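Participant: here is a sequence together with a model predicted from it:
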Amino acid sequence: MTKIAVVGTGYVGLVTGTCFAETGNQVICIDIDADKVEKMKNGIIPIYEPNLDTIFERNISAKRLSFTTTLEKGIKDAEIIFLALPTPPGEDGSADLSYILGVAEQLGKLITEYKVIVDKSTVPVGTAEKVHAVIAKNAQVDFAVVSNPEFLREGFAVSDFMKPDRVIIGTRDERARKVMESLYRPFVRQGNPIYFMDEKSAELTKYAANSFLATKITFMNEVANFCELVGADVDQVRVGIGSDTRIGKRFLFPGIGYGGSCFPKDVQALVKSGEDLNFKFEILSAVLKVNQEQKTILFPKIKNFFRGDLSGKKIAVWGLAFKPDTDDIREAPALFMIEALLDAGANISAYDPEAMPNVKNSLGNKIDYASDEYSALSGADALLICTEWGIFRNPDFTRMKSLMKDAVIFDGRNLFEIGEMNDKGFYYCSIGRNVIEK
């Protein structure tokens, strides 16, 4: 049993703390938001993440997981301190390290014995050195700063943490290496590797991984857009190239761009890190540009369908989160599409299984929020699909046609088969495939 403190209770911090508690460790999570901490003490999770609630409640009941607003109290007995703090993009695209360095400043004054301090947040190359320097200004004892980037997919974060493909640990401190290896041993019993490397290489590994996946998605979106020009079917192209083991099948599904808390800011931060050293990531700069344009790729098609006039048209929107199985709306393509539609005079009725409260906080009463997917369709001139939630994949098409003013679907996630939509008599416009006319 290891005593662990986790500073920050966002997606990464809360999943990290809860999953470490699940393997028998004593974990205390620290957050400055008193209201949030009080809710967590009462078993209320501040985020939606599948399967997190079960182990969250179990470990609170077992008294392995606790919460505090006081940094000094939280780290007092901890052998390992995880920093899972936000690193939002600044105006220039660089990662804002003020939260991490601010806590590091306090830690230097508080630690009274050897601690392993772990950067769990996604941070630029060289951050471990900066954190070490800030702590060392005030620390009177030895300590180690380790880079341990997370590779958690929202919607699958618990399973990703409990059964990781790999664990990356950046440290040149032998004592810290042994502590971290012991901590992660229960998670790699099936043989998946723990890779040890220097801190800078670990930091860059996270940025490189996310940037590569963002590039793969964006490349497929450009191929889809080209398919529409030449009359090819992107689904067939996707299957054809995905069968090549050097390429693989994952992250090849075209759509209206990526969003979320990781890919947009991580690609941007890596590009900015390059610029700071007079190095230009040519490919990643193009990825940022193409993805931004892809988020509204369907807007001109919707506008053209209505002959240039969307005034008073009711557009139903299915899906608001940036991906299914999360309530996260950061950089969600749905919001960019909604903004464009509203600016053009359309009315929006939207439904999402989890993300509507967050959208209400952002958009207020600018749009209508439906109680379910079918209620959103009542009197709609068209349906726009922005998120591939499972409940949208096999709808009652007969009911849909009876509710909608016109049987028109613009599908930003290619949920339905072309032949099926042709048989059902819908106008169906998707990404990288032929348009089905009624």
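Facilitator: Perfect, I can see it now. Residues are numbered from 1 along each chain as shown.
Participant: would you mind finding the longest helix in the protein?
Facilitator: In the chain, assigned by DSSP state H, the helix with the most residues is helix 199-230.
Participant: for that one, packing partners?
Facilitator: Here helix 199-230 touches helix 127-136, strand 143-147, strand 167-170, helix 234-242, helix 263-276, helix 282-294, going by 3 or more C-beta pairs under 8 Å, 6 or more residues apart in numbering; DSSP states H and E. Just so you know, the C-beta spots here come from the backbone N, C-alpha and C atoms, and that holds for glycine as well.
Participant: of the ones you listed, which is nearest R399?
Facilitator: Taking C-beta to C-beta, helix 234-242 is the member of these nearest to R399, at 26.2 Å.
Participant: report the distance from that closest one to the chain centre.
Facilitator: When distances are taken as C-alpha atoms, centre = their mean, to the nearest Å, helix 234-242 is centred 25 Å away from the chain's centroid.
Participant: stretch 104-116 too?
Facilitator: 31 Å.
Participant: which other residues reach it?
Facilitator: 71-72, 75, 78-81, 83, 117, 130-131, 134-144, 146, 175-176, 179-180 (C-beta atoms under 8 Å, 6 or more residues apart in numbering).
Participant: filter the residues you listed down to the buried ones.
Facilitator: Neighbour counting by 16 or more other C-beta atoms under 10 Å classes 71, 75, 78-81, 83, 117, 130-131, 134-135, 139, 143-144, 146, 176, 179-180 among the contacts of stretch 104-116 as buried.
Participant: so what strands line up beside the host helix or strand of S66?
Facilitator: Here S66, judged by DSSP states H and E, is contained in strand 65-68. Looking at strand 65-68 with DSSP bridges, its partner strands are strand 26-30 (parallel).
Participant: who touches the partner strand?
Facilitator: Contacts for strand 26-30 (C-beta under 8 Å, 6+ apart): 1-9, 13-14, 17-18, 20-21, 40, 59, 64-71, 73-75, 78.
Participant: helices or strands up against whichever helix or strand comes after the strand holding S66?
Facilitator: Scanning forward in sequence from strand 65-68 by DSSP H and E, the next helix or strand is helix 71-75. Packing partners of helix 71-75 (3+ C-beta pairs under 8 Å, 6+ apart): strand 3-7, strand 26-30, helix 98-110.
Participant: now do the buried residues in the helix or strand that comes right after the longest one.
Facilitator: Moving toward the C-terminus from helix 98-110, the first helix or strand encountered (DSSP H and E) is strand 115-119. By 16+ other C-beta under 10 Å, the buried positions in strand 115-119 come out as 115-119.
Participant: dump stretch 317-335 to PDB, restricted to CA.
Facilitator: Provided in PDB are the C-alpha atoms of stretch 317-335 (Å, rounded to 0.1, in the frame of the first residue of the first chain):
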ATOM      1  CA  VAL A 317     -28.900  18.400 -33.700                       C
ATOM      2  CA  TRP A 318     -28.000  15.000 -32.400                       C
ATOM      3  CA  GLY A 319     -24.900  15.100 -30.200                       C
ATOM      4  CA  LEU A 320     -23.100  18.000 -28.500                       C
ATOM      5  CA  ALA A 321     -20.100  16.400 -26.800                       C
ATOM      6  CA  PHE A 322     -16.900  16.200 -28.800                       C
ATOM      7  CA  LYS A 323     -17.200  12.400 -28.700                       C
ATOM      8  CA  PRO A 324     -19.600   9.800 -27.300                       C
ATOM      9  CA  ASP A 325     -19.500   8.600 -23.700                       C
ATOM     10  CA  THR A 326     -18.400  12.000 -22.300                       C
ATOM     11  CA  ASP A 327     -20.000  15.300 -21.300                       C
ATOM     12  CA  ASP A 328     -16.900  17.200 -22.500                       C
ATOM     13  CA  ILE A 329     -17.700  20.000 -25.000                       C
ATOM     14  CA  ARG A 330     -14.300  21.600 -25.300                       C
ATOM     15  CA  GLU A 331     -13.600  22.300 -28.900                       C
ATOM     16  CA  ALA A 332     -16.600  20.200 -29.800                       C
ATOM     17  CA  PRO A 333     -17.400  20.400 -33.600                       C
ATOM     18  CA  ALA A 334     -21.200  20.600 -32.700                       C
ATOM     19  CA  LEU A 335     -20.700  24.000 -31.100                       C
END
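Participant: numbering from 50 from now on, please.
Facilitator: Done: numbering now begins at 50, and the last item shifts to stretch 366-384.
Participant: so what's the residue count around A111?
Facilitator: Neighbour count of A111, defined by other C-beta atoms under 10 Å: 11.
Participant: show me the contacts for the closest residue in space to it that isn't next to it in sequence.
Facilitator: Of all residues not flanking A111 in the chain, A70 sits nearest, at 7.9 Å (C-beta to C-beta, 6 or more residues apart in numbering). Contact analysis of A70 by C-beta under 8 Å, 6+ apart lists 76, 104, 108, 111, 113-114.
Participant: buried subset of these?
Facilitator: Among those, those buried by neighbour count (16+ other C-beta under 10 Å) are 76, 104, 108, 113-114.
Participant: dump these into CSV; add distance to L433 and pLDDT as well.
Facilitator: CSV is the format used below for the buried ones among the contacts of A70 (distance: C-beta to C-beta, whole Å; pLDDT from 0 to 100):
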residue, distance to L433, pLDDT
V76, 42, 98
I104, 36, 96
N108, 40, 97
R113, 45, 98
L114, 41, 98
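Participant: quick check, nearest of these to C478?
Facilitator: Comparing the buried ones among the contacts of A70 against C478 with C-beta to C-beta places I104 closest, at 42.1 Å.
Participant: before we move on, the earlier item: switch the helices and strands packed on helix 120-124 over to JSON lines; also include distance to T264.
Facilitator: JSON lines is the format used below for the helices and strands packed on helix 120-124 (distance: least, C-beta to C-beta, whole Å):
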{"stretch": "strand 52-56", "distance to T264": "31"}
{"stretch": "strand 75-79", "distance to T264": "34"}
{"stretch": "helix 147-159", "distance to T264": "27"}
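Participant: looking at the ones you listed, which is buried most?
Facilitator: The highest mean neighbour count among those, using mean count of other C-beta atoms under 10 Å, belongs to strand 52-56: a mean of 25.
Participant: any idea of the angle it forms with helix 147-159?
Facilitator: For strand 52-56 against helix 147-159, the angle by axes from the mean of the first three to the mean of the last three C-alpha atoms, to 10 degrees is 140 degrees.
Participant: any residues touching strand 52-56, and which ones?
Facilitator: Identification of contacts with strand 52-56 by C-beta under 8 Å, 6+ apart yields 62, 65-66, 69, 74-80, 120, 123-124, 126-134, 152, 169, 232.
Participant: mind doing that once more with 7 Å?
Facilitator: With C-beta atoms under 7 Å, 6 or more residues apart in numbering as the test, strand 52-56 has contacts from 62, 65-66, 69, 74-79, 120, 123-124, 126-134, 152.
Participant: can you give the strand pairings for it, parallel or anti for each?
Facilitator: Assessed with DSSP bridges, strand 52-56 is paired to strand 75-79 (parallel), strand 129-132 (parallel).
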